[in-house]
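Undergrad: Okay, here's the prediction I keep looking at, along with the sequence it came from:
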Amino acid sequence: MNGKVYLIGAGPGDVELLTLKAVRALSQADVALVDELVNPEVRDFLRPDARVIDVGKRGGCKSTPQSFIERQMVQFARQGLKVARVKGGDPFVFGRGGEEVETLMAAGIEVEVINGITAGIGAPAALGIPVTHRDFSRGVTLVTGHTRNGDAPNWDALVRSGTTLVIYMGISNLAQIVAGLRAAGLAESAPVAVIQNGTLANQRSLVTRLADLVGAVNRAGLGSPAIVVVGEVVRLATVSTDIEAVRQVA
Ligand code: SAH
């Protein structure tokens, strides 16, 4: 008899942002495969006898190969176990959840996807930044600043869209991202927020302008994991940020 895999989004960090569904699935799991960005407090919701396997995955560091993780999930489920596959944010937003569902379906294994709050919405909200606001932004685009083959996003189209841009995995490529936005015609005065470890106790953030973004991030020493938010909605930040003289965008 086959088990089942729960593909669980653990949210951006703060453990109170877990869904009730996630908590229920965690409490039923026999084994949990947990990504590195997941708050360790999530483990408190597992059974004491559940087996926990860390499958750290962070850009640049040694990480468990995706194919190995997928094989393990299949193997455990075939043993009849309930498997919690726990990912940061939402499993279907830059989380490889789609790939994992494909593999599990192909193997004939039941899978339930449990959404989480994605960092690109949760981290800005921690500063009081709404990613849409009908006075300022007609939409929001979630985009990665780091692609598998190194291709740059189509900054022209993104800037022209007039939507709030929420950039994941953007810190290591920040200078190129700024160059791309500038070449696409984004104003030097465009407000930008950077939030590292959003919703966690060690959250750090700054609000600045496109012109000062790289310098501000370097001076503040902000690093991954961080979300970069570009757009007029950044002016709505209510939380005074921890680092820079942030109101220069006003
Ligand atoms: N599935 C995740 C995203 C995984 S990609 C989600 O939906 O949120 C990893 C990237 O997410 C990081 O490089 C960073 O850009 C962002 N990220 C994840 N957690 C974050 C946090 N607490 N604060 C800021 N950015 C975060």
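TA: Perfect, thanks for sending it.
Undergrad: The residue of the chain found nearest the ligand: neighbour count?
TA: Closest residue of the chain to the ligand, C-beta to the nearest ligand atom: G89 (1.9 Å). (Glycine included, C-beta is placed from N, CA and C.) Residues lying near G89 (other C-beta atoms under 10 Å) number 30.
Undergrad: distance of it from V101?
TA: 16 Å (C-beta to C-beta, to the nearest Å).
Undergrad: again, but for V214
TA: Distance of V214 to V101, given as C-beta to C-beta: 37 Å.
Undergrad: Neighbours of the closest residue to M105 other than its chain neighbours, how many?
TA: Of all residues not flanking M105 in the chain, V111 sits nearest, at 7.0 Å (C-beta to C-beta, 6 or more residues apart in numbering). Residue neighbour count, defined by other C-beta under 10 Å, stands at 20 for V111.
Undergrad: quick one: contacts for V111?
TA: By C-beta atoms under 8 Å, 6 or more residues apart in numbering, the contact list for V111 reads K4, V5, Y6, L7, E100, V101, L104, M105.
Undergrad: if I look at the first one, how far off is D212?
TA: When C-beta to C-beta is the yardstick, K4 and D212 sit 50 Å from each other.
Undergrad: Repeat that for the last one.
TA: According to C-beta to C-beta, M105 stands 47 Å off from D212.
Undergrad: between the two, who's got more neighbours?
TA: D212 (18 against 11).
Undergrad: Dig out what the residue of the chain closest to the ligand forms beta bridges with.
TA: Beta bridges link G89 to G11, judged by DSSP bridges.
Undergrad: wouldn't it be in contact with P12 here?
TA: Yes. Shown here, G89 and P12 form a contact pair, counting by C-beta atoms under 8 Å, at 5.8 Å.
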